[in-house]
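In: Sequence plus the predicted model coming up.
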Amino acid sequence: MSLLDDTRAILADLIAFPTVSADSNLELIAYAADRLGDLGARTSVMTDPSGHKANLFATLGPEGDGGIVLSGHSDVVPVEDQDWSSDPFTLREADGLLYGRGTCDMKGFIAAALAVAPRYAALDLARPVHFCFTYDEEVGCLGARQLVDDLKRLKIRPAVAIVGEPTEMRIIEGHKGCCEYTTTFTGLEGHGSNPDAGVNAVEYAVRYVSRLMELAEALKSRAPADSRFEPPWTTLQIGSLSGGVAHNVIPGHASVEWEMRPVVEADRLFVRAQIEAYAAEVLLPAMRAVAPQASIETQVIGEVCGLEPADDNEARRIVAELTGANGADVVAFGTEAGLFQGLGMSAVVCGPGSIAQAHKPDEYVSLDQLQSCLDMLTGLERRLTA
């Protein structure tokens, strides 16, 4: 049985675990932990506070610093209201393509890593290789944030991280951050015939959104001159605005879901400072003049730092050598790579499949892409034994 056949079989198993972010990933993590544990890997399953989610951190090779991390997130996005041609949680093959939820984003990479693990286990490794599979990347990189804290606590210091998000096996050395927020407004309900007697939470939410849109325009002028991103500035957008119950009732509650994608950390700080000052100094005094209990509260869903291109990047050198790539790109979408970089590792994003297929019905990864990924991972053996 070839490595590609092994990868296909493992991917079928992984797809059968419906690890939508809203649900548990424990069965998939146990599956991966068992496979790696059987090879002699030192495995650690790190659960979240709820006990329903977990990260897996498993190591083959010697103890010590300087290891190479192969990282993938185990969660997938929902399939509701999508028109799939087949069961999204049953792998289907047609014309060299493997269909199923998570095939490219990003269980294809996890399957390839698990398929090559027996080869690594059979080697006399001079350098540790770590398998890192996380939870809840799709909803704020929650698992990777916990993992980074755990690695700090355990004083585990890998040197290199290869994050296998779908890049068509291109090397990605930089991406924007991803910050997600939900801001809730509590006003005072009342009869629509007397608007001044209430505090219309929706109206204040609209004013808040208007200020965010002003800031979105201001961010365009803050783009670094050498920015390689498209667009080159930090973006800000509104995901949803909801509130109210009827035409003739002053809404007492409203919420705004919004996000920004910072090019630099200073932009995140700028937006947060400006919108918080506007809420505290302009909106809240007007609301509380009518209803002292009125409030505006912002919940941080996730603030994930970007991956900053670095002149000296061991991860980029290794992956370029293994793939033959002559350069590295940047992308606008976020990954967990910036969190690893923040821990002191060099990091790149490189994996099978296209981001254009991610989150869509009939998501797929090609066998050719999986083979290219396997070629990279088997080539890594030289780096692990040298």
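Out: It's in.

In: contacting residues for the residue nearest to Gly342 when sequence neighbours are not counted?
Out: The spatially closest residue to Gly342, leaving aside those adjacent along the chain, is Cys305, at 5.8 Å (CB to CB, 6 or more residues apart in numbering). (Glycine included, C-beta is placed from N, CA and C.) Contacts for Cys305 (CB atoms under 8 Å, 6 or more residues apart in numbering) come out as 177, 265, 338-339, 341-342.

In: now swap in Asp362 and tell me
Out: 84-86, 99.

In: And for Val76?
Out: Taking CB under 8 Å, 6+ apart, we find Val76 in contact with 18-21, 101-102, 105, 107, 138.

In: nearest to Phe333, of those residues?
Out: Asp105 (10.2 Å; CB to CB).

In: Helix, strand or coil: sort out the closest one for me.
Out: helix (DSSP: H, G, I helix; E, B strand; the rest coil).

In: my read: it touches Gly353, true?
Out: Yes. Applying CB atoms under 8 Å, one finds Asp105 in contact with Gly353, separated by 7.0 Å.

In: Make sure Thr298 is indeed in a strand.
Out: Yes. Thr298: assigned to a strand according to three-state DSSP.

In: where does it sit relative to Thr90, distance-wise?
Out: 41 Å (CB to CB, to the nearest Å).

In: Quick check on the two: which one has the bigger neighbour count.
Out: Between Thr298 and Thr90, counting by other CB atoms under 10 Å, Thr298 is the more crowded of the two (16 against 12).

In: Is the spatially closest residue to that one that is not a sequence neighbour bridged to anything, and to what?
Out: Distance criterion CB to CB, 6+ apart; nearest residue to Thr298, sequence neighbours excluded, is Thr183 at 4.5 Å. Assessed by DSSP bridges, Thr183 has beta-bridge partners Val256, Thr298.

In: domain parsing for the chain?
Out: 3-175+306-385, 178-304 (automatic domain parsing).

In: Point out the most buried one among those.
Out: When you average the neighbours per residue for each of the domains of the chain (mean count of other CB atoms under 10 Å), domain 3-175+306-385 leads with a mean of 20.

In: Now do it, average pLDDT.
Out: For domain 3-175+306-385, the mean pLDDT works out to 96.

In: one step back: list residues touching both of Asp105 and Gly353?
Out: Taking CB under 8 Å, 6+ apart as the contact rule, Asp105 and Gly353 both touch Pro166.

In: The longest helix belonging to the chain - contacts with which helices or strands?
Out: Ordering each helix of the chain by length in residues (DSSP state H) puts helix 201-220 first. Contacts defined by 3 or more CB pairs under 8 Å, 6 or more residues apart in numbering; DSSP states H and E place helix 201-220 against strand 178-186, strand 235-243, strand 253-261, helix 265-278.

In: same thing but at 10 Å, please
Out: Packed against helix 201-220, as judged by 3 or more CB pairs under 10 Å, 6 or more residues apart in numbering; DSSP states H and E, are the following elements: strand 178-186, strand 235-243, strand 249-250, strand 253-261, helix 265-278, helix 284-288, strand 295-304.

In: Now distance to Leu14 too, for those, in CSV please.
Out: Shown next, in CSV, are the helices and strands packed on helix 201-220 (distance: least, CB to CB, whole Å):
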stretch, distance to Leu14
strand 178-186, 24
strand 235-243, 29
strand 249-250, 48
strand 253-261, 28
helix 265-278, 34
helix 284-288, 48
strand 295-304, 24
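
In: No further queries at this time; thank you.
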